[in-house]
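[1] Attaching a predicted model along with its sequence, questions to come.
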Amino acid sequence: MNLDQRIQDQFADSVATKQKAAQAMAAPIAAAIQAMVASLRMGGKVMACGNGGSAADSQHFAAELLNRFERERPPLAAVALTTDTSTLTSIANDYHYDQVFAKQVQGLGRAGDVLLAISTSGNSPNVLAAMAVAHERGVRVVALTGKGGGKMAAALAADDIHLCVPADRTARIQEVHLLTLHCLCDGIDTLLLGDTE
């Protein structure tokens, strides 16, 4: 086994996936940026949810908005629905794990907010449940998926936005998800603060 070559192959595969994704995803990412900025300007917020690595991505994204990304600016209203262990465990215990995000969207979501729903497969039951409640409450959904979008693609409303990585390998999808989150942060700051370049 040549580990050096295997590592180089991983990098090459990641680069190729990102180049393919750039072509397919630039326009929907721009639309998602505009939707989030419109919500923030109207006093709304961005909620984010996902499981496992997608939970970490949700927290990462919320932190970049609430604190800062690369430029100084006032905090932006964002919350990761993945961080409150008392809330998560009480909902999972008293109801069902599928409801851990949906009940939070029901309590926190307001018309005009945005839900960033993250799932590598597009099939996470608790993320799908959160999307359904978001639609009931007038919260626009931005779905960040891969593998064709799974069940989430079919659950999108007409004005929702689908950011689907054109890949099937989980590691590659997650790598593009992180880049997508940084594109969202950069775009939000650009629309709010102006282009510095």
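    Received it, and whenever you're ready, just let me know what you need.

[2] What are the boundaries of the strands in this structure?
    Along the chain, counting by DSSP state E, strands occupy 46-49, 78-80, 114-118, 140-145, 161-164.

[3] Tell me which other helices or strands the last one touches.
    In terms of contacts (3 or more CB pairs under 8 Å, 6 or more residues apart in numbering; DSSP states H and E), strand 161-164 is packed against helix 3-41, strand 140-145, helix 150-155. For glycine as for every other residue, the C-beta is placed from the backbone atoms N, C-alpha and C.

[4] Now do the end-to-end distance for stretch 66-73.
    Stretch 66-73 has an end-to-end distance of 10 Å (CA to CA, to the nearest Å).

[5] And stretch 163-171, by the same measure?
    16 Å.

[6] Which positions within that stretch qualify as buried?
    Within stretch 163-171, the residues that count as buried by 16 or more other CB atoms under 10 Å are 163, 164, 165, 166, 167.

[7] Most tightly packed of the strands of the chain?
    Ranked by average neighbour count under the criterion mean count of other CB atoms under 10 Å, the strands of the chain are headed by strand 114-118 at a mean of 29.

[8] Show me what that one is packed up against.
    helix 3-41, strand 46-49, helix 53-66, helix 125-136, strand 140-145.

[9] got these as a markdown table, with distance to residue 186 and mean pLDDT columns?
    Below are the helices and strands packed on strand 114-118 laid out as a markdown table (distance: least, CB to CB, whole Å; pLDDT from 0 to 100):
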| stretch | distance to residue 186 | mean pLDDT |
| --- | --- | --- |
| helix 3-41 | 9 | 97 |
| strand 46-49 | 15 | 98 |
| helix 53-66 | 10 | 98 |
| helix 125-136 | 24 | 98 |
| strand 140-145 | 16 | 98 |
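
[10] Appreciated, that's everything.
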